[in-house]
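>>> Fold the stuff below for me.
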Amino acid sequence: MQWLTRSGWLGNSLSLVAGALITLTLAPFDLWPLTLIACMVLYLGLSNLNPRQAAVRAWCFGFGMFASGTSWVYVSIHDYGAASAPLAFILTVAFVAGLALLLALFGWLWARFFRQNNHSISNALGFAALWVAIEAFRGWFLTGFPWLYIGYSQLDGPLAGLAPLGGVWLISFVLALSSVLLLTLFKYPHWPSRIIRIGVLLAMWSAGFLLQSYQWTQPSGEPLSVTAIQGNIEQNLKWDPAQIEAQLLLYQSLTLNTPASDLVIWPETAVPVLKEQAQGYLNSMDRLLSQQNSALITGVPLRQQDGYGDLRYYNAITTLGDSQGEYRKQKLVPFGEYVPLQDLLRGVIAFFDLPMSDFARGPSQQAPLSAKGYKIAPYICYEVVYPEFATELAAQSDILLTISNDTWFGTSIGPMQHLQMAQMRALEAGRWMIRATNNGVSALIDPKGQITATVPQFQQAILRGSVTPMQGLTPYLQWQSWPLILLCALCLITAYLQRKLHRTGV
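Presented below is the predicted three-dimensional model:
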């Protein structure tokens, strides 16, 4: 294995393959043990390299991970962004290469400040802490891209019970730490060192397994019946003015021809015109739903004046019938909902002029929606993939709701990854999640993150089932990531100081 620990194309190639294994650990493949192998390869590959070489090695790992795990970006750019195949390929490679730079940062920091080269437990803790720090940084930097966190691999794995305790990042920490402890278990001839490693591993994995049966939250009312309409509108028709009336009639017909439910959910921008332009239609639906004693929650674009008197457009949610509230999306998708440096990029290619790509960010500290006397935490599409962001509304709510239009993903693995992240949010919060999408995957998810009802993708369908309002806070909702932040900071400080002591010979 010496060739793996040396610089060169062979070690870099294996690192790229190891990074690609991360995709196989997540939906729809769910081969979670490969997470440990991938992290082992990365740890070994960085063990003897200088900072520059380590950055290259880790960049290769990141390129393999994002090239395999976010290949759906090509579909969005080419199929729906009207970019030619060569241009879409170039933009996708640039996107993947840019994301991989964050893994290069991990490799450089590890080799420059924290790696001890003695495979001690503090070294393993430092590796795991830095991994989580980079994952968290990736979810924040330049609005964030919190995709492909290794903790999602445990949604149906032995560590799932840790999610309500510390969220997906706690699981990522345990996986990264476990990979190093397992790899170095037999590096030490003295049994006390081995016993400590075995004890730590058993404690973490036993806790993750046993906590799966613990109920952190309790029902706060009777189950509510739910109807989610999956319209399956083709993306190239969605914003066609000639098709708008047909779409509105479709959702109206599917809703009114279905037995009445407590909650009726339409997906993101199911009403594909500004709310003010569809007010007559919405008023009609409001009266009909009120007569049925039902609540309707739907996505609809919104135009409002800001504090300066300027008109702003929002990707929003509105409520009708036995419900109240309005929500404006806060986490916007670059290029899909706003264009960075738009003065320079607009008009260059059609991809930078997509319909509805000039949304403004909604205000922070918005209140949950209210329906049937319960509070509902709303997330529009991309927002549900942000762990910390999701906790703020979840802690104030009885039910979670995410509406989305995953048509942009095509038939790729993107929708399944998106669904998996929504499942993790339900598990972290100990609450039911309703997921309504334009073309799938629409689903009802229980407080354990398991799907209780769903309908096929790429079909016009009606999802029916029930959800139960929940009360109480999981430790993660109560404390968010602060305990893990403190733990990671302590691990990194310890690893840094240990490195300095070893280098000075103390």
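>>> how is this structure carved up into domains?
Listed by automatic domain parsing, the domain ranges of the chain are 2-215+480-504, 218-473.
>>> Scan the protein for its longest helix.
Counting by DSSP state H, the longest helix found in the chain is helix 85-109.
>>> So which bits of the helix or strand that comes right after it are buried?
In the C-terminal direction, the helix or strand that comes right after helix 85-109 (DSSP states H and E) is helix 121-138. By neighbour count on 16 or more other CB atoms under 10 Å, the buried set for helix 121-138 is 121-136, 138. C-beta: built from backbone N, CA, C; applies to glycine.
>>> ok, back up a step: Throw the domains of the chain into a markdown table and include mean pLDDT, thanks.
Output for the domains of the chain, formatted as a markdown table (pLDDT from 0 to 100):
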| stretch | mean pLDDT |
| --- | --- |
| domain 2-215+480-504 | 94 |
| domain 218-473 | 92 |
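>>> For the helix or strand containing Ile485, C-alpha coordinates in CSV please.
In the assignment (DSSP H and E), Ile485 maps to helix 482-504. Below are the C-alpha coordinates for helix 482-504, written out as CSV (Å, rounded to 0.1, in the frame of the first residue of the first chain):
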residue,chain,number,x,y,z
TRP,A,482,-23.6,23.7,19.1
PRO,A,483,-22.5,20.6,21.1
LEU,A,484,-20.9,19.1,17.9
ILE,A,485,-19.3,22.4,17.1
LEU,A,486,-17.6,22.5,20.5
LEU,A,487,-16.6,18.9,20.2
CYS,A,488,-15.0,19.4,16.8
ALA,A,489,-13.3,22.6,18.0
LEU,A,490,-11.8,20.7,20.9
CYS,A,491,-10.7,17.8,18.6
LEU,A,492,-9.0,20.2,16.2
ILE,A,493,-7.3,22.2,18.9
THR,A,494,-6.0,19.0,20.5
ALA,A,495,-4.8,17.6,17.2
TYR,A,496,-3.0,20.9,16.4
LEU,A,497,-1.3,21.1,19.8
GLN,A,498,-0.3,17.4,19.7
ARG,A,499,1.3,18.0,16.3
LYS,A,500,3.3,20.9,17.6
LEU,A,501,4.4,18.9,20.6
HIS,A,502,5.6,16.0,18.4
ARG,A,503,7.4,18.4,16.1
THR,A,504,9.2,20.1,18.9
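>>> from the chain's centre, how far out does it sit?
The chain centre lies 28 Å from the centre of helix 482-504; the measure is CA atoms, centre = their mean, to the nearest Å.
>>> Numbering from 26 from now on, please.
From this message on, residue numbering opens at 26, which makes the last subject helix 507-529.
>>> What is that helix packed up against?
On a contact count with 3 or more CB pairs under 8 Å, 6 or more residues apart in numbering; DSSP states H and E, helix 507-529 meets helix 146-163, helix 188-208.
>>> out of these, which comes closest to Ile221?
Each of the helices and strands packed on helix 507-529 has some distance to Ile221 by CB to CB; the shortest is helix 146-163, at 6.7 Å.
>>> Contacts only, for Ile476.
By CB atoms under 8 Å, 6 or more residues apart in numbering, the contact set of Ile476 is Gln448, Ala468, Leu469, Ile470.
>>> roughly how far apart are the first one and Phe483?
Spelled out, it's Gln448. For Gln448, the distance to Phe483 (CB to CB, to the nearest Å) stands at 20 Å.
>>> who's more crowded, those two?
Gln448 (26 against 13; other CB atoms under 10 Å).
>>> Can you verify my assumption that the more buried one contacts Arg456?
No. Counting by CB atoms under 8 Å, Gln448 does not reach Arg456; the two are 11.8 Å apart.
>>> Sort out which residues of the longest helix of the chain are buried, please.
Applying 16+ other CB under 10 Å to helix 110-134 flags 113, 116-117, 120-121, 124-125, 127-134 as buried.
>>> That one versus helix 146-163: what angle between them?
140 degrees (axes from the mean of the first three to the mean of the last three CA atoms, to 10 degrees).
>>> thinking again about what came up before, apply the buried test to the contacts of Ile476 and list what passes.
For the contacts of Ile476, a burial check counting by 16+ other CB under 10 Å picks out Gln448, Ala468, Leu469, Ile470.
>>> Surely the second one and Ala478 touch.
The reference is to Ala468. Yes. Using CB under 8 Å, Ala468 is in contact with Ala478, at 6.7 Å.
>>> Alright, I will stop here.
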